[in-house]
Structure formats: C-alpha cells, structure tokens
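> give me a 3D structure for the following:
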Amino acid sequence: MSVRSLEDKIVAAGGDPLEMMRQSQIGAYVFPLPGEFTNWRDEQHSWRETAVLFDQSHHMTDLYVEGPDALRLLSDIGVNSFKNFVPNRAKQYVACNYDGQMIGDCICFYLAENKVLLIGRPTVQNWVEFHAKTGKYDVTTLKDVRNVENNGRRLTFRYQVQGPNAAEILERVHGGPLPLIKFFHMGEITIAGHPVRALKHGMSGEPGLELWGPAEFGPEVHAALMEAGKDLGLKAAGGRAYATSMLENGWIPSPMPAIYSGEAMKPYREYLPAKGFEAMASLGGSFVSSRIEDYYLTPWDIGYGNFVKFDHDFIGRDALERLSGQPHRKKVTLVWKNEDVIAVLASQFNRDKRGKYLEWPASNYATLPYDKVLDAKGDMVGLSTYSGYNANLAEWVSLAMVDDAHAALGTEVTLIWGEEDGGSSKPVVERHVQMPIRATVAPAPYNATAMGAYREAIGHAVPA
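Predicted coordinates:
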C-alpha cells in the first residue's frame with residue numbers, strides 16, 4: 001500500500017501505533033546547533049551565575065495565523081481563555097483532543113490585531129493548521145518549519161539572554177535603560193541599529209528577554225550581544241546545555257500527542273504526513289502498556305490545570321469538565337540518588353549486564369521518554385520523562401508526574417531505567433538490562449528558590 005499519511009503508517013504497522021513508535025529509527029528531539037561553544041558545564045553555570053545566550057532560531061516550528069477569525073480559531077481549539085488578550089501579549093497555549101487529552105503546548109504571541117504566532121514543537125501548530133484549513137475560519141496560515149526540515153532557511157532569528165547580568169548586557173546593546181516589559185508581555189528594543197521585538201520570558205527560570213527579528217539581521221544582533229557581554233561572563237549555550245535548561249524551569253517538552261487512537265481523530269491522522277513529527281516520533285523507556293491511551297496526559301498531569309478555563313467552548317471541554325473534579329497526578333522533579341546513578345555508570349564496565357547508557361548531560365534517547373515510577377511496595381505511582389545532569393544542582397534529575405499521595409517533598413520513589421527485554425530496535429538503544437534508580441520528590445520548577453524549599457523540607461542544609 002502507498003504510505004502517505006500518519007494513518008497509513010499506523011495501518012502498515014498492523015494498526016499498532018505503540019509498536020510503530022517503540023521501533024522508530026530516530027532518537028531524541030534534535031537541537032540543530034553545535035553541541036558546545038565552550039563546555040556544557042560552564043554553559044549551564046552561566047544562566048545561574050552570569051548570563052547565557054540561547055539560540056532558538058533553528059529547532060522550533062513557527063505558525064503564523066492571520067485574519068478576522070484568528071482568535072476565534074485559537075479559542076475554539078485551546079483550553080485557554082482569550083478574554084482580555086490584546087496585541088503585545090503572549091501566553092502558553094494548550095490544546096487537547098476531544099477526550100480532554102493533551103495534543104501539546106506552545107507559546108502564543110499576539111503580534112498585532114488579527115495576527116498571532118504559535119512557536120514550539122510542531123504538534124499544536126499542526127492541529128491548528130488542520131482546523132484553519134478544514135474549518136470555517138477566515139484566516140490564512142504560514143508555517144516556518146525547523147531547520148532539519150527546511151535546509152536552514154528561517155524567517156526570523158530568536159535569541160534569549162538570561163541570567164543575573166542579562167539586564168546590564170541588554171542595556172548596553174540598547175544604548176540606555178530598557179523599556180518596562182511585564183512578564184509575558186512584549187516590547188521593542190534596538191540592537192546593532194535594528195528594531196528587535198522582546199518578550200519577558202525565562203527558559204532557565206532566570207531574568208532576561210527573548211528577542212527576535214528578521215533572520216537577515218540575526219548575525220549582527222548575535223555579535224552585538226556577545227560583544228556587550230564578553231566582560232560580564234555571557235556564554236553562548238550549545239545544544240547539550242540547552243537540552244537541560246527545562247530541568248530547572250520544570251517544562252515537560254515531551255507529552256505524547258493524544259492523536260493516535262479514536263475515530264474522531266482519524267481525519268487528522270489522515271491529514272498528517274507519513275514523515276512528519278508525529279509519524280516519526282520515537283517512544284522509549286521502561287513504561288510499557290498495550291493501550292496507547294495510558295500514555296496520554298491531561299493538562300493537570302503536567303501542571304497546566306490553571307490554564308483550563310470553562311468560559312468558552314473548545315475541543316475537549318466536556319471531557320475536561322468531567323475530569324476537573326477527579327484526582328490528578330502532580331508534576332514534580334525527581335532527584336536521583338547519586339549511588340544509583342553511579343551504579344548505572346559502573347555497569348558500563350560489566351560486559352554482560354550493562355545498564356542503559358546515561359548520556360551526559362541530557363539522557364533522553366527517544367522523542368517521548370516514559371519511565372515508570374514505583375513506590376516502596378513496587379506499585380506504579382507515576383511516570384518519569386525528561387532527564388539529565390545539571391551542573392548547577394550537581395545532581396541527576398528528571399521531570400515526572402506522580403500520584404498526589406506520593407507528591408510530597410522528600411517522598412522516596414524508584415524509577416526503572418532502561419527498556420524491557422534488552423531494549424528496542426531503535427539504533428540509539430544498545431543491548432542492556434533495566435536498573436532501579438531511587439529518587440526523592442522535589443519541586444518543579446527546581447530553580448534556586450524551589451531547591452531551597454525542597455532541602456528545607458527534607459532537612460538538608462540550604463546552600464548559600
């Protein structure tokens with residue numbers, strides 16, 4: 001049969017999307033920029049101690065939606081309220097399927113009257129574009145895809161400057177005091193003679209701005225920022241450090257899009273291409289179920305419950321209203337026990353019983369990492385997702401969602417590291433054995449403030 005759509009690909013895999021993703025031949029999400037500019041340890045330190053420049057120009061999908069019905073389209077699809085949403089504002093936008101399960105999230109920028117921009121991994125942008133093309137909306141769309149799909153041609157550059165010295169660096173390039181920009185509001189500054197739009201936002205949880213403008217000005221803006229910050233400890237972050245920034249800010253980038261099952265979603269699966277993100281995504285980890293619905297998440301599972309507003313009709317509203325009063329898992333950080341991390345590393349010297357290799361600093365080997373989390377009795381109480389080592393914390397951590405009864409700070413749990421039966425056929429997965437890793441529950445986000453609260457809660461000294 002001709003395999004042209006995601007639906008075709010699932011049918012060709014025997015109707016089993018889980019097996020299709022478990023055996024997918026790609027690995028973790030790609031950040032198409034150099035792995036390091038100095039070294040990833042110092043680059044991690046820079047966003048906490050001096051300042052960092054993140055280059056986000058390459059790996060995200062941008063979808064522009066313009067027309068009289070732009071906000072109506074987003075309101076019909078998203079769980080968020082659009083009351084009092086005006087130009088030069090932004091919000092984290094969350095979309096669900098008809099059963100209230102998450103398709104994904106992204107950042108929504110209200111650029112101008114009747115013109116919005118959605119930026120992030122492509123799952124939400126694809127869903128919005130589908131409805132723009134098939135629904136009765138007076139809008140046009142323009143998609144600017146990530147570098148791995150467009151040979152490096154982007155419409156805009158996008159940088160973030162963050163850290164204790166960020167404001168001084170930005171004032172230097174702007175040539176004076178910065179305009180007052182509130183959190184998730186937008187303004188404009190000047191860099192290298194070019195007007196640059198700015199969003200008050202924080203990828204690493206530290207102060208700073210996200211900056212963007214026409215791609216042709218990107219090199220000049222980048223050079224001006226690096227020159228202004230060279231005596232203030234500004235470091236450009238490579239892909240290795242960037243891939244760990246969410247471990248401090250608590251953003252889970254990898255929920256499985258809830259699109260692979262259900263008759264209501266079939267037209268969308270038939271719309272999505274066979275070589276798109278959703279069709280190529282890989283599934284990894286120790287959590288194994290025969291029901292793909294067990295991998296779907298709700299907004300509450302990953303800390304977005306407060307975004308759900310029942311002041312408008314939207315896809316999934318009825319289901320979310322039913323779910324709103326039920327128990328939910330809570331997003332947390334799991335701090336891995338040093339001894340167990342060391343045991344996994346030491347196992348690499350055992351020819352017969354090696355644990356799954358821990359890649360430094362980000363240990364994700366699949367697009368969608370799902371490891372099971374157990375309590376002291378061995379019962380499953382949650383899922384661990386994005387994981388890695390952070391030099392600021394001097395700890396290995398992962399972002400997870402656990403049952404409320406096990407979400408108190410300092411609760412001890414165990415995650416199972418590695419895949420069943422020696423591992424899948426993914427080329428990034430070597431033959432290995434599963435290994436238990438003990439962990440304690442900490443806040444998400446796990447930034448400096450949260451880390452202090454966590455250490456106080458479990459009776460550890462709080463670092464200065």
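> state the pLDDT value of the residue nearest in space to the middle of the chain.
The structure's the chain has its C-alpha centroid closest to P253; by Cα atoms, centre = their mean the separation is 2.0 Å. pLDDT, P253: 90.
> residues contacting the nearest residue to it once chain neighbours are set aside?
Nearest residue to P253, sequence neighbours excluded (Cβ to Cβ, 6 or more residues apart in numbering): M246, at 5.9 Å. Quick note: C-beta positions are derived from backbone N, CA and C, even for glycine. Applying Cβ atoms under 8 Å, 6 or more residues apart in numbering, we find M246 in contact with 203, 252-253, 386, 399.
> quick revisit: wait, the residue nearest to the centre of the chain touches S387, no?
No: contact between P253 and S387 fails when scored by Cβ atoms under 8 Å: they sit 12.0 Å apart.
> for the host helix or strand of I119, packing partners?
Taking DSSP states H and E as the definition, I119 sits inside strand 115-120. If you count contacts as 3 or more Cβ pairs under 8 Å, 6 or more residues apart in numbering; DSSP states H and E, strand 115-120 packs onto strand 61-66, helix 70-77, strand 102-112, helix 122-134.
> now do the second one, average pLDDT.
Think helix 70-77. 98.
> now do it: distance to the chain's middle.
Distance of helix 70-77 from its chain centroid, counting by Cα atoms, centre = their mean, to the nearest Å, is 23 Å.
> quick one: low-confidence parts of the stretch 251-400 of the chain?
Within the stretch 251-400 of the chain, not a single segment meets pLDDT under 70.
> now the strands: where do they sit in it?
Along the stretch 251-400 of the chain, counting by DSSP state E, counting those that start in this stretch, strands occupy 283-284, 330-336, 368-369, 371-374, 380-390, 395-402.
> F130 is nearest to which of the ones you listed?
Of all these, it is strand 368-369 that lies closest to F130, at 20.6 Å by Cβ to Cβ.
> adjacent strands (with direction) for the closest one?
Using DSSP bridges, strand 368-369 pairs in its sheet with strand 283-284 (parallel).
> mind checking the helices and strands packed on strand 115-120 for the one nearest to L178?
L178 sits nearest to strand 102-112 of all the helices and strands packed on strand 115-120, at 19.1 Å, using Cβ to Cβ.
> can you dump the C-alpha coordinates of the closest one into PDB?
Below are the C-alpha coordinates for strand 102-112, written out as PDB (Å, rounded to 0.1, in the frame of the first residue of the first chain):
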ATOM      1  CA  MET A 102      -3.200  16.800  25.500                       C
ATOM      2  CA  ILE A 103      -2.000  17.200  22.000                       C
ATOM      3  CA  GLY A 104       0.600  19.600  23.200                       C
ATOM      4  CA  ASP A 105       1.500  23.200  24.200                       C
ATOM      5  CA  CYS A 106       3.400  26.100  22.700                       C
ATOM      6  CA  ILE A 107       3.800  29.800  23.100                       C
ATOM      7  CA  CYS A 108       1.200  32.000  21.500                       C
ATOM      8  CA  PHE A 109       2.300  35.600  20.600                       C
ATOM      9  CA  TYR A 110      -0.400  38.200  19.800                       C
ATOM     10  CA  LEU A 111       1.700  40.200  17.300                       C
ATOM     11  CA  ALA A 112      -0.900  42.600  16.000                       C
END
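> other SSEs contacting it?
When contacts are defined as 3+ Cβ pairs under 8 Å, 6+ apart, strand 102-112 packs onto strand 89-96, strand 115-120, helix 122-134.
> columns mean pLDDT and distance to D311 on top of the ones you listed, output as TSV?
Output for the helices and strands packed on strand 102-112, formatted as TSV (pLDDT from 0 to 100; distance: least, Cβ to Cβ, whole Å):
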stretch	mean pLDDT	distance to D311
strand 89-96	97	14
strand 115-120	97	19
helix 122-134	98	20
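> nearest to A215, of the ones you listed?
A215 lies closest, by Cβ to Cβ, to one member of the helices and strands packed on strand 102-112: strand 115-120, at 14.3 Å.
> tell me how far the closest one lies from the chain's centre.
16 Å.
> try stretch 412-426
Distance of stretch 412-426 from its chain centroid, counting by Cα atoms, centre = their mean, is 22 Å.
> can you give me the buried ones in that stretch?
If you call a residue buried by 16 or more other Cβ atoms under 10 Å, then stretch 412-426 has these buried ones: 413-419, 423-424, 426.
> need the CA coordinates for that stretch. PDB is fine.
The C-alpha coordinates for stretch 412-426 follow below in PDB (Å, rounded to 0.1, in the frame of the first residue of the first chain):
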ATOM      1  CA  GLU A 412      11.100   8.400  48.200                       C
ATOM      2  CA  VAL A 413      10.300   6.600  45.000                       C
ATOM      3  CA  THR A 414      12.100   4.300  42.500                       C
ATOM      4  CA  LEU A 415      12.200   4.800  38.700                       C
ATOM      5  CA  ILE A 416      13.200   1.900  36.400                       C
ATOM      6  CA  TRP A 417      15.900   2.900  33.900                       C
ATOM      7  CA  GLY A 418      16.000   1.200  30.600                       C
ATOM      8  CA  GLU A 419      13.700  -0.800  28.300                       C
ATOM      9  CA  GLU A 420      12.200  -4.300  28.700                       C
ATOM     10  CA  ASP A 421      13.700  -7.400  27.100                       C
ATOM     11  CA  GLY A 422      17.100  -5.900  26.500                       C
ATOM     12  CA  GLY A 423      15.800  -2.900  24.600                       C
ATOM     13  CA  SER A 424      14.000  -2.000  21.300                       C
ATOM     14  CA  SER A 425      15.400  -1.900  17.800                       C
ATOM     15  CA  LYS A 426      16.000   1.900  17.900                       C
END
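> average pLDDT for that stretch?
Summarised as a single mean, pLDDT over stretch 412-426 is 96.
> just to revisit the earlier point, which residues does the residue nearest to the centre of the chain contact?
By Cβ under 8 Å, 6+ apart, the contact list for P253 reads 29, 121, 246, 386.
> per the record, what domains does the protein have?
Split into domains by automatic domain parsing, the chain comes to 40-59+154-242, 61-145, 263-457.
> ok, the residue nearest to P253 to R322 distance?
Computed as Cβ to Cβ, to the nearest Å, the M246 to R322 distance reads 30 Å.
> same check, this time on T440
As judged by Cβ to Cβ, T440 and R322 stand 34 Å apart.
> who's more crowded, the two?
Set T440 next to R322 and count neighbours by other Cβ atoms under 10 Å: T440 wins out with 19 against 11.
> what sits closest to that one if chain neighbours are left out?
The nearest residue in space to T440 (Cβ to Cβ, 6+ apart) is V335, at 5.1 Å.
> got it, and Y446?
Leaving aside its sequence neighbours, Y446 sits nearest to T333 (Cβ to Cβ, 6+ apart; 4.1 Å).
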